[in-house]
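In: no FASTA, just this:
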Ligand SMILES: Nc1nc2c(ncn2[C@@H]2O[C@H](COP(=O)(O)OP(=O)(O)OP(=O)(O)O)[C@@H](O)[C@H]2O)c(=O)[nH]1
Ligand SMILES: [Mg+2]
């Protein structure tokens, strides 16, 4: 049995815990606690350590999903989780431009530590004020014409959408045959 470890990262409220809850076959182990700082203006609960979920991808391969906290004060968890990862997805809430800088910071953090396959998953594209893909890429600092990570749209609340994003990541991983 091969195990592929996928890290789900991104800023506060991007949908990381939801993404894992939506697709996991086991009851998700989460560490969501009541927010005590500025985050509470945005949402009641926030991840303080990590989320864990599992998906039997095919008879020979299981996917272990690890969700990071969004808040940078827990960046020691980002470090612990990314070290063992085979691939990661960076979720970015497309309707909340104030979080783009935090998304870029997380990308830089991960990119400094690892060169594993990754994709950017735009969430909340169904919400009013959501940015278009090209503009979001520019806001994240990826200049037109230069190479940038693949970007996909994903709704963390919808199993079909999450599954599709996982297929894309697994394909990318197979191509680089890190598993
Ligand atoms: N409309 C819409 N809602 C979404 C989408 N993705 C996630 N959500 C919602 O956004 C909220 C995100 O919450 P979480 O999953 O707790 O976010 P998180 O990234 O784990 O946040 P932290 O743990 O605080 O860093 C939930 O209410 C989800 O239902 C999406 O694509 N569209
Ligand atoms: Mg969370």
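Out: In hand now; what should we look at? The structure presented is a predicted model; accordingly, all values stated were derived computationally and were not measured. Ligands and ions are numbered 1, 2, ... in the order given.

In: contacts for the longest helix seen in the chain next, please.
Out: Across the chain, the helix with the greatest residue count (assigned by DSSP state H) is helix 159-176. Helix 159-176 is contacted from outside by 4, 6, 19, 22-23, 55, 57, 63, 86-87, 89, 117, 119, 121, 150, 152-156, 179, using CB atoms under 8 Å, 6 or more residues apart in numbering. From N, CA and C alone the C-beta is placed, and that goes for glycine too.

In: among these, which lie within strands?
Out: If you go by DSSP state E, those have 4, 6, 55, 57, 63, 87, 89, 119, 121, 152-153 in strands.

In: what about those residues, which one has the most neighbours?
Out: Counting neighbours by other CB atoms under 10 Å, residue 121 comes out on top of those with 30 neighbours.

In: my guess is residue 144 contacts residue 138, does it?
Out: Yes: between residue 144 and residue 138 there is a contact at 7.1 Å, judged by CB atoms under 8 Å.

In: look at those two and report which has more neighbours.
Out: Taking other CB under 10 Å, residue 144 and residue 138 do not tie; residue 138 has more neighbours (15 against 8).

In: residue ranges with poor pLDDT in this structure?
Out: Along the chain, the model assigns pLDDT under 70 to residues 177-179.

In: can you list the residues of it near ligand 1?
Out: Residues of the chain lying near ligand 1 by CB under 6 Å from any ligand atom: 10, 12-18, 43, 46-47, 69-70, 123-124, 126-127, 155-157.

In: I'd like to know which of those residues are buried.
Out: Buried members of the residues of the chain next to ligand 1, scored by 16 or more other CB atoms under 10 Å, are 10, 12-18, 46-47, 69-70, 123-124, 155-156.

In: and those residues, which two are the farthest apart?
Out: 69 and 155 (21.4 Å; CB to CB).

In: please enumerate the helices of the chain.
Out: Under the criterion DSSP H, helices of the chain are mapped to 16-23, 75-83, 100-113, 133-139, 159-176.
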